[in-house]
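Q: return atomic coordinates for the entry below.
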Amino acid sequence: MEEINARVDLAKVIPAWQVLSKSAGIGAIRSEAQYARMIALLEMLLDETRGSRRQASVEGLIDVVAHFVDVYEAKHHSIPDCPANEMLRHFMEQHGLKQSDLPEIGNQAKLSEILAGRRKLNTRQIKTLAERFKVSATVFL
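A: Now for the predicted structure:
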């Protein structure tokens, strides 16, 4: 533990965290209002980085926000924990959709690869599906 503390400059980390937490509202989610703000933040981050080289530079921030959302959802919005392709299949069955009903995700060949687990969803597809099914984007991460 001493080795970690020796390498972390808390005099810089704590003020940076306070600014980030205050400006973006990042932290443990304790209410539906906070949950809605964190979902909005996650969607903004995904929008901002879609098709961009900046995605790698904010990947850690996306992970942190998604983690807080996941923790809250596990407790308050129980959704089965399964791979994104299985979750998509579940929502398609639940809503009576066929592959041709999701052209915004891609052509049928691409959607077949996603459903088979041979291709991952990209950020644009995740955002589109989250909006369509009115769930958090983290469901498909």
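
Q: for the longest helix along the chain, which outside residues touch it?
A: Assignment by DSSP state H gives helix 55-76 as the longest helix of the chain. The set of residues external to helix 55-76 that reach it, using Cβ atoms under 8 Å, 6 or more residues apart in numbering, is 26-29, 32, 34-35, 38-39, 41-42, 45-46, 48-49, 79, 123, 136-138, 141. For glycine as for every other residue, the C-beta is placed from the backbone atoms N, C-alpha and C.

Q: next structured bit after it?
A: Reading on from helix 55-76 to the C-terminus, the next helix or strand found by DSSP states H and E is helix 84-94.

Q: which parts of the helix or strand following that following helix are buried?
A: Sequence-wise, the next helix or strand downstream of helix 84-94 (DSSP H and E) is helix 108-115. Residues 111, 114-115 are the ones in helix 108-115 that count as buried (16 or more other Cβ atoms under 10 Å).

Q: next one: helix 108-115 to chain centre, how far?
A: Computed by Cα atoms, centre = their mean, to the nearest Å, the separation of helix 108-115 from the middle of its chain amounts to 21 Å.

Q: pull the residues that contact it.
A: 84-85, 88-89, 99-100, 102, 105-106, 119-121, 125.

Q: how about the CA coordinates for the very next helix or strand once past it, as CSV?
A: Once helix 108-115 ends, the next helix or strand along the chain (criterion: DSSP H and E) is helix 123-133. The C-alpha coordinates for helix 123-133 follow below in CSV (Å, rounded to 0.1, in the frame of the first residue of the first chain):
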residue,chain,number,x,y,z
THR,A,123,-21.0,3.1,-29.9
ARG,A,124,-23.5,4.4,-32.5
GLN,A,125,-25.3,1.1,-32.5
ILE,A,126,-25.3,1.0,-28.6
LYS,A,127,-26.8,4.5,-28.4
THR,A,128,-29.4,3.7,-31.0
LEU,A,129,-30.5,0.5,-29.2
ALA,A,130,-30.5,2.2,-25.8
GLU,A,131,-32.8,4.9,-27.2
ARG,A,132,-35.1,2.4,-29.0
PHE,A,133,-35.5,0.1,-26.0
